[in-house]
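Visitor: Structure for this input, please:
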Amino acid sequence: MSNPILLPKDITPSNSSLQVICLLNPGVFRFKGKTWLLVRVAENKAQKEGFVFFPVMNELGKLEIIEVAINDPDLVSTDARVMNYRGLDYLTTVSHLRLLSSDDGVHFSESDRFPGLFGMGELERFGIEDCRVTEIEGVYYLTYTAVSASGVGVGLRTTTDWENFSLPTMILPPHNKDCALFERKIDGKFFALHRPSSKEIGGNFIWLCDSVDANRWGNHKCIIKTREGMWDSARVGAGASPIWTEKGWLAIYHGADERHRYCLGAFLLDHQNPSIVLGRSIDPIMVPSEPYELSGFFGQVVFTNGHVVEGDKLTIYYGAADEFVCGAEFSIAEILAVTVSVR
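Guide: Numbering: from 1, shown residues only. Have a look, this model is predicted:
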């Protein structure tokens, strides 16, 4: 596959006063015989020298821009993605989700018939990000990161036709993200991976939970932790829906180290009791190595929350360097072979 498959210049800004800064981490699904990407599009107003802009959505869903001088003593700007101003954190971009489709899985385009999805209400005021898409019994479940001044939580919307959507609900409150539903129910229940975190105690680990209706979640259990001295020592988070294989549920996940290098790995869960971890890759299955993965808005990053399964072929679509959308093909059998037993 020739990468990147999508660049910021390929997407028209949602507003003539804005510019697309980067494309990130698409959710992926099959619909009407095509491959679809639900791409995270991060935008901001064109910068001017000596100032930074913080884009936020008001309660009516309209974009407002906060303008701050670079030399303002109340501004803390050590991170290109998140800055602190007068004690509050602000994103330097605001994200929404855009739908693109492809007949061949490589060349993608938009259609006016399938509009983008934008943050709605107070709990999505700073945008919506990194959507995972899971189709279960004819319903598409969209789990995404909902960002506001109150924190980062997991939002949910559903659709059957990609033209009409349920109103958003927050199914997991802050601080939580990286939520991926399993692609089928187990004993009549929905299951999901998610990533709560705390700055004070614990860590950025992958948890499991279940639900009877996909809205109220319980039976939370931590199943995958970071590993000291390894490529996933600082944080881990789920990718797309775990894949049913004959050996168990195969989950692709991202891991980052203390230098903020993001790689991809895999773990295997029991069919009937997915809280049981059967195996986990020692080494990453993918590391940032290409120029477009090493350098961008935030370099040294490969990050996925979407894939397509065709027999043994696993096509992973991923965000590279927090700026480009790319694709890579894997063998499921080869990934299973390096997912070493933890027993």
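Visitor: rest of the way, CA atoms for contacts and neighbours
Guide: Noted.
Visitor: got the CA positions of the helix or strand encompassing residue 207 in CSV?
Guide: Under the criterion of DSSP states H and E, residue 207 resides in strand 206-211. The C-alpha trace of strand 206-211 is given here as CSV (Å, rounded to 0.1, in the frame of the first residue of the first chain):
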residue,chain,number,x,y,z
ILE,A,206,-6.5,-1.4,29.5
TRP,A,207,-9.7,-2.5,31.3
LEU,A,208,-12.6,-4.8,30.3
CYS,A,209,-16.3,-4.2,31.1
ASP,A,210,-19.7,-5.5,30.0
SER,A,211,-23.3,-4.3,29.5
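Visitor: Can you list the strands that that strand pairs with?
Guide: If you go by DSSP bridges, strand 206-211 pairs up with strand 190-196 (antiparallel), strand 218-224 (antiparallel).
Visitor: for these, which one ends up most surrounded?
Guide: With neighbours taken as mean count of other C-alpha atoms under 10 Å, the strands paired with strand 206-211 reach their highest mean count in strand 190-196, at a mean of 24.
Visitor: got a list of contacts for it?
Guide: Here strand 190-196 makes contact (C-alpha atoms under 8 Å, 6 or more residues apart in numbering) with 174-182, 184-185, 204-214, 236-238.
Visitor: Then residue 336 would be within a helix, right?
Guide: Yes: using DSSP: H, G, I helix; E, B strand; the rest coil, the assignment for residue 336 is a helix.
Visitor: Please give me every residue in contact with it.
Guide: So residue 336 contacts 250, 268 (C-alpha under 8 Å, 6+ apart).
Visitor: try 10 Å
Guide: 245, 247-248, 250, 266-268, 279-281 (C-alpha atoms under 10 Å, 6 or more residues apart in numbering).
Visitor: Please report how far it lies from residue 183.
Guide: Residue 336 is 18 Å from residue 183, where distance means C-alpha to C-alpha, to the nearest Å.
Visitor: go on, residue 7?
Guide: 29 Å.
Visitor: need the strands paired with strand 206-211 in a markdown table with distance to residue 315, can you?
Guide: Output for the strands paired with strand 206-211, formatted as a markdown table (distance: least, C-alpha to C-alpha, whole Å):
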| stretch | distance to residue 315 |
| --- | --- |
| strand 190-196 | 20 |
| strand 218-224 | 24 |
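Visitor: what's the closest of the ones you listed to residue 127?
Guide: Across the strands paired with strand 206-211, residue 127 has its closest neighbour in strand 190-196 (18.8 Å, C-alpha to C-alpha).
Visitor: re the thing from before, okay, residue 7 and residue 183: which has more neighbours?
Guide: A count of neighbours by other C-alpha atoms under 10 Å puts residue 183 above the other of residue 7 and residue 183, at 21 against 17.
Visitor: pLDDT score for that one?
Guide: On pLDDT, residue 183 comes in at 96.
Visitor: Please go through this structure and pick out the longest strand.
Guide: When the chain is parsed with DSSP state E, its longest strand is strand 18-31.
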